[in-house]
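**Q** build me a structure from this.
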Amino acid sequence: MSMEGKPLDTCMMNTSYREKFQDALAVILSDEERAGLDILTHGDLHCDNDMAGRSWHHYPLQRWAGFEGDYLQSEETRSPWLRYPPGTLLNEIYTGWRWPRVVDKIEHRPLDYPKIFRMAQAKSGKPIKFGTCCSQVMGLFLDIHTSKYQDNRQIIWDMAEAMNKELLALRDAGCKCIQIEEPTLHFWANTYGADSDECKFMVDAFNREVEGLDDVELWVHTCWGNPNMQQVIDNNSYQASFELYMHAMKGDVWTVEMTDRNFEDIELFGAMKGRLPKKVAVGTVSHRNLQVDRPEEVADRIKIALEHIDPEQLIVSSDCGFGRQGCNRDIAFFKSAAISQGTNLVRKELGLETSYVAAADPELQTDIVPKTATPTPSH
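**A** From the prediction side, this is the model:
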């Protein structure tokens with residue numbers, strides 16, 4: 001299924017690829033519906049099966065103008081956040097990933113997001129949320145090999161403008177829910193301070209990236225790392241970046257990693273309960289823990305969130321995605337089903353209407369032990 005930098009339109013000319021891609025979309029959307037999710041995703045199936053999910057960043061970089069090659073990143077330019085000792089998994093990942101070099105001015109070339117959305121939405125009556133990597137996180141991995149750029153900020157800004165063109169095309173294709181994944185504000189704020197020039201620039205770059213998307217529901221996704229299910233930074237508090245995400249950055253929904261962090265910082269939302277400027281999507285299952293959560297555990301976590309966030313402003317989600325060389329399909333499926341079932345438990349307690357979860361329907365289980373007649377006792 002790997003596209004290896006080719007346009008999706010080119011790959012779809014191959015009848016075998018066309019059939020596999022369409023079938024894969026149908027399967028993953030069917031699983032999401034069976035798990036009872038209200039908002040579905042396209043599953044990042046356009047991304048190649050790269051080590052630790054490199055293609056999540058790599059997909060746009062392989063297609064926009066201004067990039068060339070596939071190189072190991074130099075130690076001199078590696079972000080201080082991404083340095084780990086030999087013998088650790090994160091060192092294996094970040095020293096093993098290869099990247100194109102910036103060799104010319106970065107310009108937009110189509111990423112085919114509208115086409116992917118259309119194929120996904122055609123397979124379900126439920127809304128499709130389309131997610132894509134944020135330009136500023138891609139900027140962590142790029143070495144400059146041209147006089148067209150003097151620093152990384154110029155690169156991030158041009159990538160933000162390139163991504164904005166793709167997002168506007170996605171909007172024009174009918175997508176009403178777009179997720180920008182992993183702006184680095186929470187990393188920068190913890191390192192340099194929320195009032196730093198670095199953070200101010202990143203806020204401006206993000207707002208440029210999503211300019212003109214006022215007529216869609218815009219989600220801002222944050223977590224603390226997910227290459228091969230790994231957390232990439234020790235200081236994982238949202239406190240320093242809270243005001244930036246809540247007020248300075250455009251968007252309608254802010255997703256926060258909570259379950260894997262034992263709901264640290266949830267009280268920050270309580271100070272503004274009932275008047276939050278954004279909805280909050282709270283992670284109620286971990287993408288790092290392989291133990292499948294029980295619905296009752298999810299319900300307990302939702303109740304913690306409800307102490308600080310009104311029901312009208314709360315969205316129940318996972319901490320992050322289950323891909324990027326993450327957990328296996330069964331674990332991902334039943335964690336998703338646990339989100340739906342746990343939400344239903346809380347909805348019942350609040351007197352709200354519940355959603356149908358086919359995965360929990362007793363009559364639709366994969367294997368059902370047939371009833372047998374009670375044996376007559378012998379005399």
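
**Q** part of a helix, is residue 101?
**A** No. The assignment for residue 101 is strand, going by DSSP: H, G, I helix; E, B strand; the rest coil, so no helix is present there.

**Q** tell me the spacing between it and residue 70.
**A** For residue 101, the distance to residue 70 (C-beta to C-beta, to the nearest Å) stands at 9 Å. C-betas here are computed from N, CA, C, even on glycine.

**Q** so between these two, which is more surrounded?
**A** A count of neighbours by other C-beta atoms under 10 Å puts residue 101 above the other of residue 101 and residue 70, at 17 against 14.

**Q** so for stretch 82-92, what gets flagged as buried?
**A** Within stretch 82-92, the residues that count as buried by 16 or more other C-beta atoms under 10 Å are 82, 84, 90.

**Q** can you check stretch 168-186 too?
**A** Within stretch 168-186, the residues that count as buried by 16+ other C-beta under 10 Å are 168-171, 175, 177-186.

**Q** now intersect these with the strands, please.
**A** 177-181 (DSSP state E).

**Q** which one of the residues you listed is nearest to residue 213?
**A** Distance to residue 213, by C-beta to C-beta, is smallest for residue 178 among those, at 6.5 Å.

**Q** what about the helices in the stretch 251-379 of the chain?
**A** Along the stretch 251-379 of the chain, the segments classed as helices by DSSP state H, counting those that start in this stretch run 267-270, 295-306, 329-350.

**Q** isn't residue 281 up against residue 315?
**A** Yes. Judged on C-beta atoms under 8 Å, residue 281 makes contact with residue 315 at a distance of 3.9 Å.

**Q** and those two? Which one has more around it.
**A** For residue 281 versus residue 315, neighbours defined as other C-beta under 10 Å are more numerous around residue 281 (22 against 17).

**Q** apart from its neighbours in sequence, what residue is nearest residue 101?
**A** Closest residue in space to residue 101, ignoring its immediate chain neighbours: residue 145 at 4.5 Å, by C-beta to C-beta, 6 or more residues apart in numbering.

**Q** for that neighbour, grab phi and psi.
**A** The phi/psi pair for residue 145 (degrees, to the nearest 10) reads phi -130, psi 40.

**Q** in stretch 209-225, what's buried?
**A** 209-210, 213, 216-225.

**Q** in strands only, show me those.
**A** Per DSSP E, the buried residues of stretch 209-225 map to strands at 217-221.

**Q** okay, those residues in TSV with distance to residue 242 and pLDDT next?
**A** Formatted as TSV, these follow (distance: C-beta to C-beta, whole Å; pLDDT from 0 to 100):
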residue	distance to residue 242	pLDDT
217	21	98
218	18	98
219	17	98
220	13	98
221	16	97
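
**Q** if we can go back for a sec, of the buried residues of stretch 82-92, which belong to helices?
**A** residue 90 (DSSP state H).

**Q** so who does residue 342 touch?
**A** Going by C-beta atoms under 8 Å, 6 or more residues apart in numbering, residue 342 touches 284, 293, 295-299, 301-302, 316.

**Q** and what of residue 280?
**A** 253-256, 269, 305, 309, 313-315.

**Q** can I assume residue 243 sits in a strand?
**A** No. Counting by three-state DSSP, residue 243 falls outside a strand, being helix.

**Q** got any ranges where this protein has weak pLDDT?
**A** Counting by pLDDT under 70, the chain has low-confidence residues at 1, 375, 378-379.

**Q** for it, which segments are assigned as strands?
**A** 40-41, 65-72, 98-107, 128-133, 177-181, 217-221, 253-256, 279-283, 314-317.

**Q** quick one, which of these is nearest to residue 22?
**A** Nearest of these (C-beta to C-beta): strand 128-133, 14.7 Å.

**Q** buried stuff in the closest one?
**A** 128-133.

**Q** same check on stretch 235-247?
**A** Those would be 236, 238, 240-242, 244-246, for stretch 235-247 by 16+ other C-beta under 10 Å.

**Q** one step back: surely the residue nearest to residue 101 is in contact with residue 104?
**A** No. Here residue 145 does not reach residue 104: they are 9.3 Å apart, not a contact under C-beta under 8 Å.

**Q** re the thing from before, can you put the buried residues of stretch 82-92 in CSV and add distance to residue 346?
**A** As requested, the buried residues of stretch 82-92 are exported to CSV (distance: C-beta to C-beta, whole Å):
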residue, distance to residue 346
82, 38
84, 39
90, 36
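
**Q** residue 330: which of the buried residues of stretch 82-92 is nearest?
**A** residue 90 (26.1 Å).

**Q** would you agree that closest one is in contact with residue 232?
**A** Yes. Using C-beta under 8 Å, residue 90 makes contact with residue 232 at a distance of 6.4 Å.

**Q** overlap in contacts, the two.
**A** By the contact definition C-beta under 8 Å, 6+ apart, residue 90 and residue 232 are jointly contacted by residue 82.

**Q** circling back to that earlier point, pipe the helices of the stretch 251-379 of the chain into JSON lines and attach distance to residue 190 per row.
**A** Shown next, in JSON lines, are those (distance: least, C-beta to C-beta, whole Å):
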{"stretch": "helix 267-270", "distance to residue 190": "14"}
{"stretch": "helix 295-306", "distance to residue 190": "23"}
{"stretch": "helix 329-350", "distance to residue 190": "28"}
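
**Q** and residue 38, which of those helices is closest to it?
**A** Judging the helices of the stretch 251-379 of the chain by C-beta to C-beta, what sits closest to residue 38 is helix 329-350, at 8.1 Å.

**Q** check which residues of that closest one are buried.
**A** Neighbour counts using 16+ other C-beta under 10 Å place 331-347 of helix 329-350 among the buried residues.
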